[in-house]
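In: Provided below for reference: sequence and predicted model.
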Amino acid sequence: MKVLIQNLQKKEGLATQLSATYDPDVLLVQEINLTSETSPFPANNVSSMGYGTAIGSRFELSNIQTILSPYSECGGFIHKKTTVATVKSIQFVSFHGYNGQPFKNKEKLVAHVEAVLAVLSPSGPALFAGDFNTWSEEHLVAVKVCMEKFHFSLAYSWSYPGRKKRTLDHAFARGLKISGMLDYSCESDHRGAILEIEVMEDS
């Protein structure tokens, strides 16, 4: 199964464009401008302006859930949004992590990750991916420790342009074999990634 992961930076129609270019089976997108897309995203968690996270797929989606970060940002007006859905027995998470500019509070990011983990199945194949806003090595280590408690391991990280030593975007997997991975540039300020995944036999 081919999975595309991308922070779209609210660029109009970018998810539809990337879907046509790469033909993924599943799309996990963040900062989508939903009203500008012609590709369907039946699982989405967006604001009244149409911005947030979403999951699209050529296959049927089930068990759709939406989660807000427990902490607000931008003077209390924004809660980062997460979308969860199951496709062919795999639970997918499109995650846009707590940022908290300018302080970038590590504990609040971990609390956001924990809030999402709390609604997931405790076992079984899953891919938890997106823009984690891990602005420091300490942020990433804290997130990894949290994810490992739920048997997720870091499968792939890809660089943010201009920040080669720090990565914001990651994919954590559980019960999945990653048979291929690549990242690419596009109109967004974030690079995107494509993973080829399959369920492990013992999952």
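Out: Done, it's in. Numbers count the residues shown, from 1 in each chain.
In: ok, K165 to A118 distance?
Out: 32 Å (CB to CB, to the nearest Å). C-beta coordinates here come from the backbone N, C-alpha and C atoms, glycine included.
In: quick one: which of the two has more around it?
Out: Neighbour totals were compared for K165 and A118, and A118 leads with 10 against 6 (other CB atoms under 10 Å).
In: wait, is E114 part of a strand?
Out: No - if the criterion is DSSP: H, G, I helix; E, B strand; the rest coil, then E114 is helix and not within a strand.
In: quick one: P125 and Q91 touch, right?
Out: Yes - applying CB atoms under 8 Å, one finds P125 in contact with Q91, separated by 7.1 Å.
In: Tell me the spatial nearest neighbour of the residue nearest to the spatial centre of the chain, not counting adjacent residues.
Out: Taking CA atoms, centre = their mean as the criterion, G130 is the residue nearest the geometric centre of the chain, at 2.5 Å. Excluding its sequence neighbours, the residue lying closest to G130 (CB to CB, 6 or more residues apart in numbering) is F95, at 3.8 Å.
In: check contacts around that neighbour.
Out: Q30, T53, T82, V113, V116, F128, A129, G130, D131, F132 (CB atoms under 8 Å, 6 or more residues apart in numbering).
In: any chance of the residues you listed in a markdown table, with pLDDT too?
Out: Shown next, in a markdown table, are the contacts of F95 (pLDDT from 0 to 100):
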| residue | pLDDT |
| --- | --- |
| Q30 | 98 |
| T53 | 98 |
| T82 | 98 |
| V113 | 98 |
| V116 | 98 |
| F128 | 99 |
| A129 | 98 |
| G130 | 98 |
| D131 | 97 |
| F132 | 97 |
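In: now, which of those lie within strands?
Out: Q30, T53, T82, F128, A129, G130, D131 (DSSP state E).
In: could I get those as JSON lines with distance to T21?
Out: Formatted as JSON lines, the ones in strands among the contacts of F95 follow (distance: CB to CB, whole Å):
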{"residue": "Q30", "distance to T21": "18"}
{"residue": "T53", "distance to T21": "21"}
{"residue": "T82", "distance to T21": "25"}
{"residue": "F128", "distance to T21": "24"}
{"residue": "A129", "distance to T21": "19"}
{"residue": "G130", "distance to T21": "19"}
{"residue": "D131", "distance to T21": "20"}
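In: Now the spatially closest residue to I78 that is not a sequence neighbour, what are its backbone angles?
Out: Leaving aside its chain neighbours, I78 sits nearest to S72 (6.3 Å; criterion: CB to CB, 6+ apart). As for S72, its main-chain torsions (degrees, to the nearest 10) stand at phi -90, psi 170.
In: what's around S72, how many residues?
Out: 15.
In: same thing with K2?
Out: K2: 15 neighbours (other CB under 10 Å).
In: which residues does it contact?
Out: Taking CB under 8 Å, 6+ apart, one finds Y22, D23, P24, D25, V26, I194, L195, E196 in contact with K2.
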